[in-house]
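In: Next comes the sequence, and after it the predicted model I'd like to discuss.
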Amino acid sequence: MTTPATAAVPIPRQIRYIIGNEGCERFSFYGMRNILTVFLVTSLLVHLPEGERAIAAKDVFHTFVIGVYFFPLLGGWIADRFWGKYHTIFWLSLVYCLGQFCLALFVDSRAGFYTGLSLIALGSGGIKPCVAAFVGDQFDQTNKHRAKVVFDAFYWIINFGSFFASLLMPIFLRQLGAAIAFGVPGVLMFLSTVILWVGRGKYVMVPPAPSNPDSFIRVCRTALAAGRLGKILGSLGVLAAAGAFALAPAAGFVIAACTALVALLTFAGLGVWLQLDRVGPRHPPEAVGGVRTVLRVLVLFFLVTPFWSLFDQKASTWVLQADAMSKPAWFQSSQMQALNPLLVMLLIPFNNLVLYPALRQAGVEVTALRRMTAGIAFSGLAWVVVGGMQLVLDQGHAFSIAWQVLPYALLTLGEVLVSATGLEFAYSQAPLAMKGAIMSFWSLSVTIGNLWVLVVNAAVRNSTVTQAIAGTGFGVTAFQMFFFAAFAFAAALAFGLVARRYPVVDHYRSQ
């Protein structure tokens, strides 16, 4: 029997430990992430010709982000099947700490520094799907109406940590050196792990799912094998993935690996969808329905990927653009990124207390999917603005970095509408046994978004492409900016059309 929600039921007390843990971890992550591009260009990549450093730094940065958002697949699987969410978060947090300290110790060694980035990608990525799902586990049907407030608070504290990290770490990098600038985030990550450990006796611990003959993977496998079409599509997925790997020497391993994953998921997912009705008595209807729900969600997640390709470039492309703008001598280009979390902290309460109630009074139902559609479109609008600014810079007219406030405001509004909403939406749509896994797929959408950036960067190294761009009258950077804006607008249109037919479900715990 489902217990009805009660307005008087308070927010679970143990949430404070998870929120504190997340705030410190986000300071740690954004503290190193937001100075990474500048450090690479000015220090670690100085062995390259000056004209190649910026694009090489972008490649390293977005490859790192790809790793951060790829490893949630591993973390979600471990949490769901073996360790549970708490133990997965704790042990991978220790790996994360080790990676942060490697950055501080090896600022003069590319091998050591890249090892640190790899460990951070594993640790940060591995815990990523578990933390948001762990928050959701603290709620049931009696207090699920409190979950939206907590998810918003969760996202607010992420940006609280990010704000101070973005504001302070560029100063530390310039005045105290790279070792200190990367060491401080390491200390905060250790504190984050301690806070999580202190609350260990108070959490709701949902145990990992036992071996399930009706799991997502097994139902998918049965569906693919149920008919000739599924076998053909599954085989095409494997062949397309193998073909992507064959291009690795030319395209690079990361691009090849991510492309292979996309190809495999696309063909296999299509085969499963077309043959789900054929699994018959092999699996119960609720298991088949769960797989169908996950596949529907994955289509939406894929359409969100262009948003992430735009959003994550604020820490690379936008920082490099800011370097060409006029600014006070004491101000660092990467400090502009502090504007993003500051605006998030303002926009979340504004949206919840002012904007959404006003829209509801006007008869507009502000659903999660409508918010996400609008958010993708706002990100495209932000890139139209930065593209226009780049055209002015390309003509030799320098102007104040303060003009970047406008695109930051538009992009941040898009972020609040897409990312904060998506966390809650992803959790609510996931069947109980697949909470960690579906949050992993949400994170994987960020990986694919950064894949598009690497692909575009690789394309503009081709002389044929650069000559074609020159024929448009745009510089390469400005052309890329308008390209990404168009990419986002097309994605917003497709997302909105698919969302209109999406059947929303509710998969919170019954008690």
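Out: Happy to help now that I have it.
In: which residues of the stretch 351-500 of the chain score low on pLDDT?
Out: By pLDDT under 70, the weakly predicted segments of the stretch 351-500 of the chain are 430, 432-437.
In: Equivalent analysis for the chain, please.
Out: For the chain (pLDDT under 70), the answer is 1-8, 248-251, 430, 432-437, 506-511.
In: Please, where are all the strands along it?
Out: Here the chain has no strands by DSSP state E.
In: which ones are touching residue 418?
Out: 304, 307, 371, 372, 375, 376, 379 (C-beta atoms under 8 Å, 6 or more residues apart in numbering). C-beta here means a position set from N, CA and C on the backbone, and glycine is covered the same way.
In: Residue 486: what's it in contact with?
Out: Contacts of residue 486 by C-beta under 8 Å, 6+ apart are residue 380.
In: which residue ranges form the helices in the stretch 1-150 of the chain?
Out: Assigned by DSSP state H, counting those that start in this stretch, the stretch 1-150 of the chain shows helices spanning 15-39, 50-70, 72-78, 85-105, 110-137, 147-176.
In: could you dump the ones you listed to TSV with mean neighbour count?
Out: Converted to TSV, these look like this (neighbours: other C-beta atoms under 10 Å):
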stretch	mean neighbour count
helix 15-39	24
helix 50-70	20
helix 72-78	23
helix 85-105	22
helix 110-137	23
helix 147-176	20
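In: domains for this protein, by residue range?
Out: Annotated domains of the chain cover 15-205+284-499, 215-283 [automatic domain parsing].
In: and those domains as a markdown table, adding distance to residue 505?
Out: As requested, the domains of the chain are exported to a markdown table (distance: least, C-beta to C-beta, whole Å):
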| stretch | distance to residue 505 |
| --- | --- |
| domain 15-205+284-499 | 6 |
| domain 215-283 | 15 |
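In: which one of those is the most hemmed in?
Out: Mean neighbours per residue, mean count of other C-beta atoms under 10 Å, is largest over the domains of the chain for domain 15-205+284-499, with a mean of 20.
In: from the chain's centre, how far out does it sit?
Out: 5 Å (C-alpha atoms, centre = their mean, to the nearest Å).
In: now the end-to-end length of that domain.
Out: End-to-end distance for domain 15-205+284-499: 31 Å, by C-alpha to C-alpha, to the nearest Å.
In: before we move on, back to that, compare the helices of the stretch 1-150 of the chain and give me the one nearest residue 449.
Out: helix 50-70 (8.2 Å; C-beta to C-beta).
In: Let's see the closest one as CSV, backbone CA atoms only.
Out: C-alpha atoms of helix 50-70 as CSV (Å, rounded to 0.1, in the frame of the first residue of the first chain):
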residue,chain,number,x,y,z
GLU,A,50,52.2,29.4,-29.4
GLY,A,51,49.6,29.2,-32.1
GLU,A,52,48.8,25.5,-31.2
ARG,A,53,48.5,25.9,-27.4
ALA,A,54,44.9,27.1,-27.3
ILE,A,55,43.4,24.3,-29.3
ALA,A,56,45.6,21.7,-27.6
ALA,A,57,44.4,23.0,-24.2
LYS,A,58,40.8,22.7,-25.4
ASP,A,59,41.4,19.1,-26.5
VAL,A,60,42.9,18.2,-23.1
PHE,A,61,40.2,20.0,-21.2
HIS,A,62,37.3,18.4,-23.1
THR,A,63,39.0,15.0,-23.1
PHE,A,64,39.1,15.3,-19.3
VAL,A,65,35.4,16.3,-19.1
ILE,A,66,34.6,13.3,-21.3
GLY,A,67,36.3,11.0,-18.8
VAL,A,68,34.5,12.6,-15.9
TYR,A,69,31.2,12.0,-17.5
PHE,A,70,32.0,8.6,-18.9
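In: roughly how far apart are the residue in the chain sticking out farthest from the centre and residue 19?
Out: Ranking residues of the chain by C-alpha distance from their mean position (C-alpha atoms, centre = their mean) puts residue 281 at the top, at 37.9 Å. Counting by C-beta to C-beta, to the nearest Å, the separation of residue 281 from residue 19 is 46 Å.
In: any idea which residue sits dead centre in the chain?
Out: residue 446 (4.0 Å).
In: Please list all residues in contact with that one.
Out: 65, 68, 69, 305, 308, 312.
In: one more time with 6 Å, if that's ok
Out: Shown in contact with residue 446 (C-beta atoms under 6 Å, 6 or more residues apart in numbering): 69, 308.
In: same question, residue 268
Out: 234, 237.
In: and what of the one 4 residues further on?
Out: Contacts for residue 272 were tallied using C-beta under 6 Å, 6+ apart; they are 220, 223, 224.
In: redo that, cut-off 8 Å
Out: Residue 272 neighbours (C-beta under 8 Å, 6+ apart): 219, 220, 223, 224, 230, 291, 295.
In: Ok, residue 498 next?
Out: Contacts for residue 498 were tallied using C-beta under 8 Å, 6+ apart; they are 299, 300, 303.
In: and which of those residues is nearest to residue 203?
Out: The closest of the contacts of residue 498, once distances to residue 203 are taken by C-beta to C-beta, is residue 300, at 29.7 Å.
In: The closest one and residue 501 touch, don't they?
Out: No - the criterion here is C-beta atoms under 8 Å, and residue 300 misses it with residue 501 at 11.0 Å.
In: And the contacts of residue 418, which is closest to residue 387?
Out: Once C-beta to C-beta is applied, the member of the contacts of residue 418 that ends up nearest residue 387 is residue 379, at 12.7 Å.
In: Which residues are in contact with the closest one?
Out: Counting by C-beta under 8 Å, 6+ apart, residue 379 touches 307, 310, 311, 410, 411, 414, 415, 418, 488.
In: from those residues, which single one is nearest residue 112?
Out: residue 311 (29.5 Å).
In: measure stretch 195-203 end to end?
Out: 13 Å.
In: Use 804 as the first number from now on
Out: With 804 as the first residue, the last one maps to stretch 998-1006.
In: contacting residues around it?
Out: 816-817, 819-821, 823-824, 827, 889, 892-893, 896, 937, 940-941.
In: Quick check: the two most widely separated of those?
Out: The span of the contacts of stretch 998-1006, defined through C-beta to C-beta, is set by 816 and 896 at 21.8 Å.
In: Could you double-check that residue 982 lies in contact with residue 911?
Out: No - using C-beta under 8 Å, residue 982 is not in contact with residue 911; the gap is 9.1 Å.
In: returning to that earlier point: would you turn the contacts of residue 1221 into a markdown table with distance to residue 928?
Out: A markdown table is the format used below for those (distance: C-beta to C-beta, whole Å):
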| residue | distance to residue 928 |
| --- | --- |
| 1107 | 18 |
| 1110 | 19 |
| 1174 | 26 |
| 1175 | 22 |
| 1178 | 23 |
| 1179 | 23 |
| 1182 | 23 |
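In: Which of the residues you listed fall in helices?
Out: Residues of the contacts of residue 1221 located in helices (DSSP state H): 1107, 1110, 1174, 1175, 1178, 1179, 1182.
In: Quick check: closest non-adjacent residue to the second one.
Out: Excluding the flanking residues, the one nearest residue 1110 by C-beta to C-beta, 6 or more residues apart in numbering is residue 1179, at 4.8 Å.
In: tell me the phi and psi of residue 1082?
Out: Phi and psi for residue 1082, reported as degrees, to the nearest 10, are phi -70, psi -20.
In: Can you tell me how far it is from residue 1244?
Out: 21 Å.
In: Report the contact partners of residue 1070.
Out: Residue 1070 neighbours (C-beta under 8 Å, 6+ apart): 1036, 1037, 1039, 1040, 1043.
In: give me that answer again for 10 Å
Out: Residues near residue 1070 by C-beta atoms under 10 Å, 6 or more residues apart in numbering: 1027, 1035, 1036, 1037, 1038, 1039, 1040, 1041, 1042, 1043, 1044.
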